[in-house]
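Chemist: Give the three-dimensional model of this entry:
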Amino acid sequence: MMTSVLESIEGSADRMLRFLEKLVNIDSGCDNPEGIAEVAHTVGSFLEGIDFAVEYLEYPGVCTHVLARRKGPTGGKRVMILGHLDTVFRKGTAQSRPFTIKGEKAFGPGVLDMKGGVTIALFALEALAREGWNEKEIVVFFCGDEETGHPNSDFPERLMREAEGMNAVFNMETGADDGSVVVGRKGVAFLELVVQGKSAHSGKDPEKGASAILELAHKTVAIHGLTNYETGVTYNVGVVSGGTAANVIAGEAHAKIDARFVTVDQVEKVLSDLREIVNKSWVPGTTARLTKQKVHFLPMETTDAGMKLFGLVQEQAVKLGIGKIKPRYVGGGSDSCWTVKAGAPTVCAMGARGEFNHSEHEYIWVSSLVERAKLLASCIVAV
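Modeler: All right, here's what the predicted structure looks like:
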């Protein structure tokens, strides 16, 4: 049976490219919920065509998720395919920089992160369905707001409910150029800081002012000083703004902060240490507050169950002649954290091989579409 499945995937190579081109050429950034919905319905229609029951979870003005199921034998094993349909690129990007193939690589907004992975999953599932394979329940859950961290949808809660009791979760996130698979990720918190000072003329009455910018500068140094590479906790003040003119002592300043951490247990200390700096004042007459402090992704902690599933991926890769795949730990967050929290064995970055996601140079190796679809299909059967 697997020989026929693998041959079916090989025979679908051209269709995979055309389907990927269609997805990439639909803008689906957070500023285009209509585009996200179009991608969702394109993917959902494909799944309906291979006997999945498809549900569209709509959040008006925000995004659309796709939740699809194909039932297997009663009491049998259950497998989840996870991913997202949105990109980081603004409306109009697909028109100005559409899907293109140059040599052995394909380019375009979201081709790697992660429309390539979505395409791989669909064609792996199609090949299994064509051969009549139906030995496990398959749940496909593709969200429409991963890149923004689900600020206006309940996807993490829904995902954790769906992931309970799963025997395996394969996240189709960005694959690495070398084909390695992610077994652990850092957690991510994005925070926003506002510093209030007191405006004054910097020439006439400087002593009557309290510079919010100077206070923010002190806080920036202190926040970066919290970084501890031994524990894996890092902080970055990535965006700052403030003041009105060079000759005015700034009455207000703003900062956007990124915090990363390795374990769930570190989360509260990370936030507590940051609040301590926010509440401390270096410049008399200034105050500060955090206006946003949300943990967008918990860490995807490396678990024994996850490593066992990774071992299965390694075995199948060797059988397919791909070679020995390496495990990888990365600093970027993903929705795999929620399935791990739900207790489901999870591996991440099963998508297309490539580099430079989130940039105009983003690409995939075209050959990796077939390669990774074969790998995913083999892993689903072997679970």
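
Chemist: ok so Asp273 is a strand residue?
Modeler: No - assigned with DSSP: H, G, I helix; E, B strand; the rest coil, Asp273 falls outside any strand and is helix.

Chemist: Next, count neighbours for the closest residue to it other than its chain neighbours.
Modeler: Using CB to CB, 6 or more residues apart in numbering and skipping the chain neighbours, the partner closest in space to Asp273 is Leu226 (5.4 Å). (Glycine included, C-beta is placed from N, CA and C.) By other CB atoms under 10 Å, the residues close to Leu226 number 16.

Chemist: And Leu226, how close does it get to Lys269?
Modeler: Using CB to CB, to the nearest Å, Leu226 is found at 10 Å from Lys269.

Chemist: residues touching the spatially most central residue of the chain, list them.
Modeler: Nearest to the mean C-alpha position of the chain, by CA atoms, centre = their mean, lies Ser334 at 3.9 Å. Shown in contact with Ser334 (CB atoms under 8 Å, 6 or more residues apart in numbering): Glu146, Asn171, Glu173, Val182, Arg185, Phe297, Met300, Cys348.

Chemist: Now do the SS call for it.
Modeler: Of the three states, Ser334 takes coil according to three-state DSSP.

Chemist: Where does the nearest residue to Tyr59 once chain neighbours are set aside fall, secondary structure wise?
Modeler: The shortest distance from Tyr59 to any non-neighbouring residue, by CB to CB, 6+ apart, is to Ser153 (4.9 Å). For Ser153, there is no enclosing helix or strand under DSSP states H and E.

Chemist: From what I see, Ser153 and Gly61 are in contact.
Modeler: No - Ser153 lies out of contact with Gly61 (CB atoms under 8 Å); the separation is 11.1 Å.

Chemist: Could you report the distance from the residue nearest to the centre of the chain to Arg275?
Modeler: Relative to Arg275, Ser334 is positioned 26 Å away (CB to CB).

Chemist: can you list the residues that contact the helix-or-strand element of the chain with minimal mean pLDDT?
Modeler: Lowest by mean pLDDT, DSSP states H and E among the helices and strands of the chain is strand 287-297, with a mean of 92. Strand 287-297 is contacted from outside by 149-151, 185, 187-196, 215, 219, 267, 271, 274-275, 278-279, 281, 333-335, 337, using CB under 8 Å, 6+ apart.
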